[in-house]
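Student: Structure here, sequence nowhere to be found:
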Ligand SMILES: Cc1cc2nc3c(=O)[nH]c(=O)nc-3n(C[C@H](O)[C@H](O)[C@H](O)COP(=O)(O)OP(=O)(O)OC[C@H]3O[C@@H](n4cnc5c(N)ncnc54)[C@H](O)[C@@H]3O)c2cc1C
């Protein structure tokens, strides 16, 4: 497969690459230690327009395709996972529900400030009792006059403490559930009855602050149903569309991490001398590097193809799942080999491969575990 980005995009990719190397690399350890994304990184992401890469220009975004966005993410994801999580949650599952299914009024009201980075959106689906089985949610929304009253607890919601806008999935018909009984709402920070609960300390992705979001008699107007009253009960479909696209953009991030891990391993193997020669001269090390390079190439081919099909409007559910399951497992293999090549040095906190190794593990779980991706793929394979 031959693929060449446009000259303009190549220039933009170079700008993102420089931003990562000049601004992000020096604060990698600080992010890991403090669990906070420094304000200058956040501002830099805003200045680059990265909060609205795929948001159409009429709503203040860059209006780029998913494939272009994936290429950008490959560059941005060569540093701490939480840096790209600032923009991917927002660009993706956080605000895509509004973009895909929102009314024109909702798009005009919310998308410009989300695309500029002035505000951030989070996606609240998972609950303590509903992870892979997302249709098992128990958060309810009950109609009361012209409002809806939301009650329930969401769990592991990325960037929740920083978010100004939440896409919230709630049960509006307990019998119908995924088939017409779940509705997507826009809930703004500061709405009475919405509070942020526990902020979880995760193994990796440090700084993305997955948290509980609690709704206690949280009242929102009917106008906050994504797509308006005609979309009552249609929220599960909206959520699945967001997650489908998210599987491609997540895969792009994984490829970026893997490329960084391979580069770290290669550079270290060339300078680390044992038995009187650089360890890179041993076939055992060379084969690990070769396997990682091959793994990354395979993932890239899958992603470029799947993202191109997505942009062309084809039905790509299975392709998105194949790309995600392969890329997430590829990333774990590549970071594991890279750490092995680093020896003890790679196991020490100051080594970037140490956090890349921890960050990598998350991707086999979030936005649909590997098992769930395989269920989706198998469903496609088995259909007549
Ligand atoms: C860091 C982090 C950030 C997150 N951010 C968000 C967010 O922003 N918004 C949001 O809504 N959610 C978020 N999540 C939640 C995430 O999407 C869920 O953790 C994920 O979907 C898995 O759900 P679970 O953790 O409840 O695992 P479970 O569903 O309990 O699964 C446990 C295990 O059982 C397996 N399993 C379950 N069902 C089956 C089956 N039928 N067949 C075979 N195996 C099965 C799973 O694959 C897994 O291995 C986040 C999670 C993490 C860790």
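Tutor: Received, thanks. Worth saying up front: this structure is predicted, and the values here are computed from it rather than measured. Numbering: from 1, shown residues only.

Student: So what's the residue count around the residue of the stretch 51-200 of the chain found nearest the ligand?
Tutor: With Cβ to the nearest ligand atom as the measure, residue 131 is the residue of the stretch 51-200 of the chain nearest to the ligand, at 1.7 Å. In this view, the C-beta of every residue, glycine as well, is placed from N, C-alpha and C. The local packing of residue 131 (other Cβ atoms under 10 Å) involves 16 other residues.

Student: For it, give me the backbone phi and psi.
Tutor: Residue 131 adopts backbone torsions of phi -110, psi -90, taken as degrees, to the nearest 10.

Student: any idea how far residue 57 is from it?
Tutor: Residue 131 sits 36 Å away from residue 57, going by Cβ to Cβ, to the nearest Å.

Student: Kindly report the same for residue 217.
Tutor: Residue 217 sits at a distance of 39 Å from residue 57 (criterion: Cβ to Cβ).

Student: give me the beta-bridge partners of residue 121?
Tutor: Legend: beta-bridge partners of residue 121 under DSSP bridges are residue 165.

Student: residues contacting it?
Tutor: 89, 90, 94, 95, 98, 110, 114, 163, 164, 165, 166, 167 (Cβ atoms under 8 Å, 6 or more residues apart in numbering).

Student: Does residue 111 touch residue 96 like I think?
Tutor: No: Residue 111 sits out of contact with residue 96 when judged by Cβ atoms under 8 Å, with a separation of 10.3 Å.

Student: which one of the two has more residues nearby?
Tutor: Neighbour totals were compared for residue 111 and residue 96, and residue 96 leads with 26 against 23 (other Cβ under 10 Å).

Student: circling back: got a pLDDT number for the residue of the stretch 51-200 of the chain closest to the ligand?
Tutor: For residue 131, the model assigns a pLDDT of 97.

Student: and the gap between it and residue 203?
Tutor: Between residue 131 and residue 203 the computed distance is 17 Å (Cβ to Cβ).

Student: which SSE is residue 334 in?
Tutor: Here residue 334, judged by DSSP states H and E, is contained in helix 317-342.

Student: anything in that helix near the ligand?
Tutor: No: applying Cβ under 6 Å from any ligand atom, one finds helix 317-342 out of contact with the ligand, separated by at least 10.9 Å.

Student: Report the buried residues of that helix.
Tutor: For helix 317-342, the neighbour count (16 or more other Cβ atoms under 10 Å) marks 317-339, 341-342 as buried.

Student: Tell me which residues touch residue 225, please.
Tutor: Remark: with contacts taken as Cβ under 8 Å, 6+ apart, residue 225 is in contact with 148, 183, 184, 185, 186, 231, 232.

Student: rerun at 10 Å
Tutor: For residue 225, the set of contacting residues under the criterion of Cβ atoms under 10 Å, 6 or more residues apart in numbering consists of 101-103, 106, 141, 148, 170, 172, 183-186, 231-235.

Student: Give me the subset of those that lies in helices.
Tutor: With helices taken from DSSP state H, the overlap with the contacts of residue 225 comprises 101, 106, 235.

Student: now that we have those, which one has the most neighbours?
Tutor: Ranked by neighbour count under the definition other Cβ under 10 Å, the ones in helices among the contacts of residue 225 are headed by residue 235 with 30 neighbours.

Student: need the residues of the stretch 251-384 of the chain near the ligand, please.
Tutor: For the stretch 251-384 of the chain, the contact set with the ligand under Cβ under 6 Å from any ligand atom comprises 362, 365, 366, 367, 368, 369, 371, 372.

Student: hmm, I was thinking of the stretch 1-150 of the chain
Tutor: Checking the stretch 1-150 of the chain against the ligand by Cβ under 6 Å from any ligand atom, the hits are 89, 122, 123, 124, 125, 126, 131, 132.

Student: Show the model's pLDDT score for the closest residue in space to the fifth one that isn't next to it in sequence.
Tutor: Across the structure, with Cβ to Cβ, 6 or more residues apart in numbering as the measure, the residue nearest residue 125 apart from its sequence neighbours is residue 169 (4.8 Å). Looking at residue 169, its pLDDT reads 98.

Student: Then residue 1?
Tutor: The predicted local confidence for residue 1 comes out at a pLDDT of 62.

Student: Can you show me the strands along the chain?
Tutor: Under the criterion DSSP state E, the chain carries strands at the ranges 121-124, 140-144, 147-157, 165-171, 182-188, 194-199, 211-221, 273-274, 277-278.

Student: Adding distance to residue 49, write the ones you listed out as a markdown table.
Tutor: As requested, the strands of the chain are arranged in a markdown table below (distance: least, Cβ to Cβ, whole Å):
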| stretch | distance to residue 49 |
| --- | --- |
| strand 121-124 | 16 |
| strand 140-144 | 34 |
| strand 147-157 | 25 |
| strand 165-171 | 19 |
| strand 182-188 | 23 |
| strand 194-199 | 28 |
| strand 211-221 | 27 |
| strand 273-274 | 45 |
| strand 277-278 | 42 |
